[in-house]
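>>> Can you look at this prediction? I've put the sequence above it.
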Amino acid sequence: MNSIIENNLGDSNSIPSLSFVWSAIFQDGSKIEQFNEDGSENKFQLIKDRFNELGYFNLKNNSGKMFSVNLIEGLIGYNKLEFPYIEAKEKKNNVRLIFFRRHKVEIGTQDLKEKKHEIIYFLGFQYNSEDNKNHKILLEIDNEGNWMLGE
């Protein structure tokens, strides 16, 4: 049975290929890549099932741009450099990964066909400070790897 979206959009409901793919490194040194060597895809649920063991989470594209979250120390990096605006000396407790994608789809008003499809990646972490206040640091990353600090 087709969904309402599939019925309305027909064959134009294609998801573009991902610009960035993830990899996760756990504190025991084990690693899970989004895509295996045979091309099969691992579900993000494998990461969620082991959130308490997660040490590093990376997003990388084909041109070599890489964004990293260090969940052990509560830092974000770009191409293996830590961003300087994050205060590394602040004690961060209960550091948790934030990662999701948002799809922006533009649909024609006459034919209801997809005209444009853009994926925005959101990557960061949230943590509790010593006074137990919740904080978050989140990047918005476009398909080309341009980023801005989000909310």
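Looks like it came in fine.
>>> separation between the residue most central in space within the chain and residue 66?
Centroid-nearest residue in the chain, with CA atoms, centre = their mean: residue 99, separated by 3.8 Å. Applying CB to CB, to the nearest Å, the value for residue 99 to residue 66 is 14 Å. In this view, the C-beta of every residue, glycine as well, is placed from N, C-alpha and C.
>>> do residue 98 as well
Here residue 98 is placed at a distance of 17 Å from residue 66 (CB to CB).
>>> ok, the residue of the chain positioned farthest from its centre to residue 103 distance?
In the chain, residue 110 marks the outermost C-alpha relative to the chain mean, sitting 33.7 Å out by CA atoms, centre = their mean. Remark: distance between residue 110 and residue 103 (CB to CB) = 22 Å.
>>> what about the residue nearest to the centre of the chain, helix or strand, and which?
Using DSSP states H and E, residue 99 maps to strand 93-107.
>>> Alpha carbons of the next helix or strand after that strand, in PDB - could you do that?
Later in the chain than strand 93-107, the nearest helix or strand by DSSP H and E is strand 114-128. Extracted in PDB, the C-alpha atoms of strand 114-128 (Å, rounded to 0.1, in the frame of the first residue of the first chain):
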ATOM      1  CA  GLU A 114       9.300  17.600  -6.800                       C
ATOM      2  CA  LYS A 115      11.400  20.500  -8.000                       C
ATOM      3  CA  LYS A 116      14.200  20.600  -5.500                       C
ATOM      4  CA  HIS A 117      15.300  18.400  -2.600                       C
ATOM      5  CA  GLU A 118      18.000  19.500  -0.200                       C
ATOM      6  CA  ILE A 119      19.300  17.800   2.900                       C
ATOM      7  CA  ILE A 120      20.600  19.700   5.900                       C
ATOM      8  CA  TYR A 121      22.600  17.800   8.500                       C
ATOM      9  CA  PHE A 122      22.400  18.600  12.200                       C
ATOM     10  CA  LEU A 123      25.300  17.500  14.300                       C
ATOM     11  CA  GLY A 124      26.300  18.300  17.900                       C
ATOM     12  CA  PHE A 125      25.800  17.300  21.500                       C
ATOM     13  CA  GLN A 126      24.100  18.300  24.600                       C
ATOM     14  CA  TYR A 127      25.400  18.100  28.100                       C
ATOM     15  CA  ASN A 128      24.800  19.100  31.700                       C
END
